[in-house]
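Q: what's the 3D shape of this:
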Amino acid sequence: MRTPAAQRAARTAILLALMLFAVLPLVSMFTTALAAPGSSPQGISWPAHPHWHNFRDAWSAANFLALFRSSALIVLGVVPATVAMATAAGYALAQLKVPGGKAIYAVLLVGLTLPVEALITPLYYNIQSMGLLGTRSAIVLPLIGLLMPFGVFWMRAHFLGAETALTEAAKIDGAGTWQTFRRIHLPLATPALSALSVLFFLATWNQYLLPLVLVDDPAKRTVAGGLGAFQGQYGTDTVLLCAGSLLIILPSLVIFLFFQRNFVKALLQGAVK
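A: The predicted model follows:
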């Protein structure tokens, strides 16, 4: 059945409106970042003389090199460990008869409803009692725990949609539980794993509250946490603030564009057989 032209036009108009809603703030930030230092541009207007050195000035003023290095270390500590544990737990809850599996899954679902703001005070005292306050581990360990419920939920949903015939065929061929998981289900879960890694990267890279509360040294925070200090120092300099924000956003955009095919494939997985 051919879609009527009116419906296609309406869908196109909605997509264009959503695209403009997402793109216009970035365009406004970009044009503002090129304005004269110390000015306060209004709306979207290309400056007569773009000041490209604003990005260099923002990079130096906020010490972004140290912040990017710190963020990379935190991401490497959080994302691989969380994805690996969430994948194993999701497979166990979906494919294996784990004693108390439903209760464990219910507890994890409760974890999805807890806001970070409600946990920040007990987290502070727990990290302090462990002697990790002010270190990157004070960010890595809580983030692993906070991201795990969603990761298990995501991977369990994927493995529930896996073909049971593949598991039965592997058992007939003599494959054990670990071999079935590693050689059959894990390669087929690549889109879901890629999408989950992107989501965890974005959540870790853009983490603001935990680094700000648990780490005193700005050089050990994430770039988003460092932006708070940058805004406090240059709160009235809108130009440098926009330039610094764009520098922070750039890695997230690159990662998402690089993995967008796997991300969309994982979202559509199970919708069409």
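Q: pull the helix or strand with minimum mean pLDDT from the protein.
A: helix 223-233 (a mean of 65; mean pLDDT, DSSP states H and E).
Q: chain center to the helix or strand just after that helix, what's the gap?
A: Following helix 223-233 in sequence order, the next helix or strand is helix 238-258 (DSSP states H and E). Distance of helix 238-258 from the chain centroid (CA atoms, centre = their mean, to the nearest Å) equals 14 Å.
Q: Give the other helices and strands that helix 238-258 contacts.
A: Secondary-structure packing of helix 238-258 (3 or more CB pairs under 8 Å, 6 or more residues apart in numbering; DSSP states H and E): helix 5-33, helix 53-61, helix 64-95, helix 190-205, helix 223-233. Every C-beta, even on glycine, is put in place using the N, C-alpha and C of the backbone.
Q: any idea how far the residue nearest the centre of the chain lies from Leu196?
A: Central residue of the chain (CA atoms, centre = their mean): Leu202, 2.1 Å from the mean position. Leu202 is 11 Å from Leu196, where distance means CB to CB, to the nearest Å.
Q: do Leu214 as well
A: Here the criterion is CB to CB. By it, Leu214 lies 24 Å from Leu196.
Q: Ala89 now?
A: Distance, Ala89 to Leu196, using CB to CB: 12 Å.
Q: Asp216 now?
A: Counting by CB to CB - Asp216 and Leu196 are separated by 32 Å.
Q: Compare those two (neighbour count), which wins?
A: Set side by side, Asp216 and Leu196 show more neighbours around Leu196, with 26 against 10, by other CB atoms under 10 Å.
Q: give the contact list for Ile184.
A: By CB atoms under 8 Å, 6 or more residues apart in numbering, the contact list for Ile184 reads 166-167, 170, 175.
Q: so, if you compare these, which one comes nearest to Val98?
A: Nearest to Val98 among those is Thr167, at 15.4 Å by CB to CB.
Q: how near is the closest residue to that closest one other than its chain neighbours to Val78?
A: If the residues on either side of it in the chain are set aside, Thr167 comes closest to Thr180, at 5.9 Å by CB to CB, 6 or more residues apart in numbering. Per CB to CB, Thr180 is found 28 Å from Val78.
Q: which of the two has more neighbours?
A: The neighbour comparison of Thr180 against Val78 (other CB under 10 Å) goes to Val78, with 25 against 20.
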